[in-house]
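Q: here is my input, please return the structure:
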Amino acid sequence: MTDIAATAPVTGRSFWGDAWARLKSNKAAMFSLFYLVFMAIICIVGPFFVPHQYTTIYADYVRTPPSLSAYPQADMIETALHDAVRRMRVDTQEWHQEDDRVFVTVKSSREIDERNTRYLDRSDTFDDARIESRSDDGLTMVMSAAVKQKYFFFGTDNTGRDLLSRTLMAGRISLAIGLLAGVVAVAIGVIYGATSGFIGGKTDEVMMRIVDVLYSLPFIFFVIMLVVFFGRNFVLMFIAVGAVLWLDMARIVRGQALSLRRQEYVQAAEALGVPRRGILQRHIIPNLLGVVVIYMTLLVPQVIILESFLSFLGLGVQEPMTSWGVLISTGAKNIGTANWLLFFPAFFLVSTLFALNFVGDGLRDALDPKDR
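A: Coordinates of the predicted model:
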């Protein structure tokens, strides 16, 4: 028994394996991670399955409150029917509803044109309009139309667009800007900071003074300048945010690189004649991944908030495209009369930012070597 116990293999865990095990034990971080994945999936796939396009305008459903039941309601049917009949320039004599069809009797002082049924078909409330009966003199006509049922789970906005589809589409833009600008900022910051910290000397001084000069430029002024010269588009937002936020990453990585260059394994690689590029790729940057991953999770919320702030000011995403910042800006103007316009996009944005911060805290604890 002693020999068997002595020869039993001892398996260890790598740094990343141990970090993953500790991350899994953090319930808040794992729940937030699954929530972020779920949010990304519904924002990417959801617009293909919702019944309305984010650009479709329903004139009969302007500022419609959210509801789990189908529209139109009884009073909305009557309003839409009277509007359509008024455009026909005839008078409503009587109307009633049977199952999913409405029947309306109209009269006029002159002969009624049969093509008036198109006014019912053009409505967002009715479809499949047809003539049921007509008087011999053509002054009275009975028309019918099917009632189109529509669901607006998040309600509609000021122009009659479905808020659910617009919120999901806005999530695509906000998350894409956050991830893309975050990746660009991290990539530039890691390469720039690692190079500056590892080389050191006058090169480090010059590179850091360049960072100081860029720090002195106001971010809003920089964005306005880009808007004036290049116009407003998604790529501009991505470049403007990513091209500024790498400065913090560069400073953080530089400080870590200055510490790593004094480590024994780096000095051994230099003594063996490994070129500086190889030391950066094999030793410096891989050992910075823990700090980079943590900062990335904290940078994405910052980018999303900046995008929302710029869109709130009118410098970001423009119609018909939208983002959470654009929707929140619109909702803030209508909070007294249509609070759902603010509640749903704000909930999506705030919950996503909370989840990102929880994941960042979990990664910080999992990747901290002092806690192993």
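
Q: hey, let's count contacts and neighbours off CA atoms from now on
A: OK.

Q: if I pick the spatially most central residue of the chain, what's in contact with it?
A: Nearest residue to the geometric centre of the chain (C-alpha atoms, centre = their mean): residue 171, 1.9 Å. Applying C-alpha atoms under 8 Å, 6 or more residues apart in numbering, we find residue 171 in contact with 40, 43, 323, 324, 348.

Q: mind listing what's buried in the biggest helix by length in the chain?
A: With secondary structure taken from DSSP state H, the chain has its longest helix at helix 163-199. Buried residues in helix 163-199, counted by 16 or more other C-alpha atoms under 10 Å: 163-198.

Q: could you give the mean pLDDT of the helix or strand residue 289 falls within?
A: Under the criterion of DSSP states H and E, residue 289 resides in helix 285-313. Summarised as a single mean, pLDDT over helix 285-313 is 76.

Q: and what of stretch 200-216?
A: Averaging pLDDT along stretch 200-216 yields 86.

Q: buried ones in it, by neighbour count?
A: Per 16+ other C-alpha under 10 Å, stretch 200-216 contains these buried residues: 200, 204, 207, 208, 211.

Q: show residues contacting it.
A: 196, 197, 247, 258.

Q: can you give me how far it is from the chain middle?
A: 35 Å (C-alpha atoms, centre = their mean, to the nearest Å).

Q: CA atoms of it as PDB?
A: Extracted in PDB, the C-alpha atoms of stretch 200-216 (Å, rounded to 0.1, in the frame of the first residue of the first chain):
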ATOM      1  CA  GLY A 200      14.000  52.500 -21.200                       C
ATOM      2  CA  GLY A 201      16.500  55.300 -21.300                       C
ATOM      3  CA  LYS A 202      16.000  58.300 -23.600                       C
ATOM      4  CA  THR A 203      13.600  56.300 -25.700                       C
ATOM      5  CA  ASP A 204      11.300  55.800 -22.700                       C
ATOM      6  CA  GLU A 205      11.500  59.500 -21.900                       C
ATOM      7  CA  VAL A 206      10.600  60.600 -25.400                       C
ATOM      8  CA  MET A 207       7.700  58.100 -25.700                       C
ATOM      9  CA  MET A 208       6.200  59.100 -22.400                       C
ATOM     10  CA  ARG A 209       6.500  62.800 -23.200                       C
ATOM     11  CA  ILE A 210       4.400  62.100 -26.400                       C
ATOM     12  CA  VAL A 211       1.800  60.500 -24.100                       C
ATOM     13  CA  ASP A 212       1.800  63.600 -21.900                       C
ATOM     14  CA  VAL A 213       1.200  65.800 -24.900                       C
ATOM     15  CA  LEU A 214      -1.700  63.600 -26.100                       C
ATOM     16  CA  TYR A 215      -3.100  63.700 -22.500                       C
ATOM     17  CA  SER A 216      -3.300  67.500 -22.700                       C
END
